[in-house]
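1. Coordinates for the following, if possible.
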Amino acid sequence: MKVTTLGIDIAKSVFALHGVDDRSRTVLQKTVTRARLLETISKLSPCTIGMEACGGVHHWAREFEKMGHTVKLMHAKYVKPYVKTQKNDGRDAEAICEAMGRPNMRFVPVKTVAQQELSALLSMRALLVKQRTALVNHIRGLLTEMGIVFPRSPKKALSGLARLLDGPREHGALPLRPGTVRNPERPVQRPRGPDFPVRRSNPPDSSDPSGVPTTLPGSGNRVLREQPAPVRLAGTGSPAGVERRQGPPGTDLETGVNDRVYPSRA
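-> Okay, here's the model as predicted:
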């Protein structure tokens, strides 16, 4: 039978369709994939198609209008009262079809491509303004801790920051002073000393045959940890003459190497 009113529940991959005839009797209930949606709609005679005003709906509305259909978009909050119990995609499409026939229903106009491009441009501009404000406020907060206060205006704050960077270095604690910014042409100098942990990339200690460092460089040969004594594990199926070590959790019993990082203690 001929479909006069069609409700479509928009999704990303699978779309639910619910169609009724001129007597409001259900004549079409099916789900189609995204790739076959246009093909399915093109086989229908011109009718009224209703959808919720959500993401991507204006694209589908323009495509359906090219086929001769009449498209009506509605806000989701106006469709919700018509959804029956046990909500699913099929019942959403049925609710759209039911809400579309209300005489006092409010509809959303279909946007053109130019209108959507302008809306996207305004949205991107709003995002950039938000990110700029956040960055300026972050810089103002860091400099306030050093006694440098800028006005709340982004333009005045940026001009004041430029004068601060170009002027004399009066603040010794300023984190942007020369020498603190890394030069990409120079290799990274890794800090060494008692305040930094020993990692496995350090050269092994020659005093320990296992290769595990036992002293902390730069701290006067401070003992890092006591080496465990080698023992034999009986009943483990190990070949004769193979020694294994006991150690704290995280130690490899084959090599005695501990993957943990042990920071120094003052």
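
2. Where in the chain is the helix or strand with the lowest mean pLDDT?
-> The weakest-scoring helix or strand in the chain, judged by mean pLDDT, DSSP states H and E, is strand 244-245 (a mean of 48).

3. Tell me where the model's unsure across the stretch 51-200 of the chain.
-> 168-200 (pLDDT under 70).

4. Which secondary structure state is assigned to the residue lying closest to Pro154 once chain neighbours are set aside?
-> Excluding the flanking residues, the one nearest Pro154 by CB to CB, 6 or more residues apart in numbering is Val136, at 4.8 Å. Any C-beta I mention is one placed from the backbone N, CA and C, and that applies to glycine too. What DSSP: H, G, I helix; E, B strand; the rest coil gives for Val136 is helix.

5. Check Lys155 too.
-> Per three-state DSSP, Lys155 ends up helix.

6. That one: neighbour count?
-> As a burial measure, Lys155 scores 9 neighbours (other CB atoms under 10 Å).

7. Flag every buried residue along the helix or strand where Trp60 lies.
-> Element membership of Trp60, judged by DSSP states H and E, is helix 57-66. Buried residues in helix 57-66, counted by 16 or more other CB atoms under 10 Å: Val57, His58, Trp60, Ala61, Phe64.

8. Would you confirm that the first one contacts Leu73?
-> Yes. Counting by CB atoms under 8 Å, Val57 touches Leu73, with 6.1 Å between them.

9. hey, what's in contact with both of those two?
-> Counting by CB atoms under 8 Å, 6 or more residues apart in numbering, the shared contacts of Val57 and Leu73 are Met51.

10. and Gly50, helix, strand or coil?
-> Applying three-state DSSP: Gly50 is strand.

11. ok now do the residue lying closest to it once chain neighbours are set aside, which residues does it touch?
-> Leaving out its chain neighbours, the residue that sits closest to Gly50 by CB to CB, 6+ apart is Met100, at 3.6 Å. Shown in contact with Met100 (CB under 8 Å, 6+ apart): Thr5, Gly7, Thr48, Gly50, Lys72, Met74.

12. hmm, try it at 10 Å
-> By CB atoms under 10 Å, 6 or more residues apart in numbering, Met100 lies in contact with 5-7, 20, 48-51, 72-74, 79, 82, 107.

13. Columns neighbour count on top of the residues you listed, output as TSV?
-> Formatted as TSV, these follow (neighbours: other CB atoms under 10 Å):
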residue	neighbour count
Thr5	23
Leu6	25
Gly7	30
Val20	22
Thr48	16
Ile49	27
Gly50	25
Met51	26
Lys72	20
Leu73	21
Met74	20
Val79	23
Tyr82	18
Phe107	14
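
14. how far off strand 48-52 does the helix holding Trp60 point, in degrees?
-> Angle, helix 57-66 to strand 48-52, by axes from the mean of the first three to the mean of the last three CA atoms, to 10 degrees: 180 degrees.

15. out of the contacts of Met100, which are inside helices?
-> Those of the contacts of Met100 mapping onto helices are Val79, per DSSP state H.

16. which of the contacts of Met100 lies closest to Arg132?
-> Closest approach to Arg132 among the contacts of Met100 (CB to CB): Leu73, at 34.2 Å.

17. Distance of that closest one relative to Lys111?
-> Going from Leu73 to Lys111 by CB to CB, to the nearest Å gives 9 Å.

18. Overlap in contacts, those two.
-> With CB under 10 Å, 6+ apart applied, the overlap between the contact sets of Leu73 and Lys111 consists of Ala53, Val57, His58, Ala61.
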